[in-house]
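J.: quick one, what's the 3D model for this:
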Amino acid sequence: MATTTVAGVTVDVSDDGFFTNPEQWTEAMAPELAMADGIETLTDQHWQVIRFMRDEYFAKGTGPTVRVLGKTSGVTVKELYQLFPKGPAKIAARIAGIPKPRGCI
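T.: You can find the predicted model right below:
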């Protein structure tokens, strides 16, 4: 298991940079994680998706797919791709500090 430092805290991550222990994540880490994925500023819509991702992960054991996000998060699929251009479910999961959702490549 690899580790990295985010916002001054050492956290456990997978080989592709996803948290393996979501309890290590804090909201203070999100802006730094977003910058690493090319997102300069987290808007209220970003936070809505990030919090939704975390809630879904803790309720179901995996993050939601893009399709589920678009239907249930209050943010449309089109908006998701504007917020997280490199892959909404994957990038939002990484910023939210949860493991990579099932079905993401």
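
J.: quick one, longest helix in the protein?
T.: Taking residue count as the measure and DSSP state H as the definition, the longest helix of the chain comes out as helix 44-60.

J.: same for that one, what does it pack against?
T.: Contacting helix 44-60 under the criterion 3 or more Cβ pairs under 8 Å, 6 or more residues apart in numbering; DSSP states H and E are the following elements: helix 30-36, helix 66-72, helix 77-83, helix 88-96. For the C-beta atoms, the positions are set from N, CA and C on the backbone; glycine is no exception.

J.: pLDDT of it, averaged?
T.: Across helix 44-60, the average pLDDT comes to 96.

J.: report the distance from it to the chain centre.
T.: Once both centres are worked out by Cα atoms, centre = their mean, to the nearest Å, helix 44-60 turns out to sit 8 Å from its chain's centre.

J.: and stretch 78-87, by the same measure?
T.: Stretch 78-87 has its C-alpha centroid displaced from the chain centroid by 12 Å (Cα atoms, centre = their mean).

J.: likewise stretch 51-63?
T.: Relative to its chain's centre, stretch 51-63 lies at 10 Å (Cα atoms, centre = their mean).

J.: okay, the residue nearest in space to the middle of the chain: pLDDT?
T.: The geometric centre of the chain, computed from its C-alpha atoms, lies nearest to Ala93 (Cα atoms, centre = their mean), at 2.3 Å. Reading off the per-residue confidence, Ala93 sits at a pLDDT of 96.

J.: name the nearest residue to it, ignoring sequence neighbours.
T.: Nearest-residue entry for Ala93: Gly63, 4.5 Å, with adjacent residues in sequence omitted and distances by Cβ to Cβ, 6 or more residues apart in numbering.
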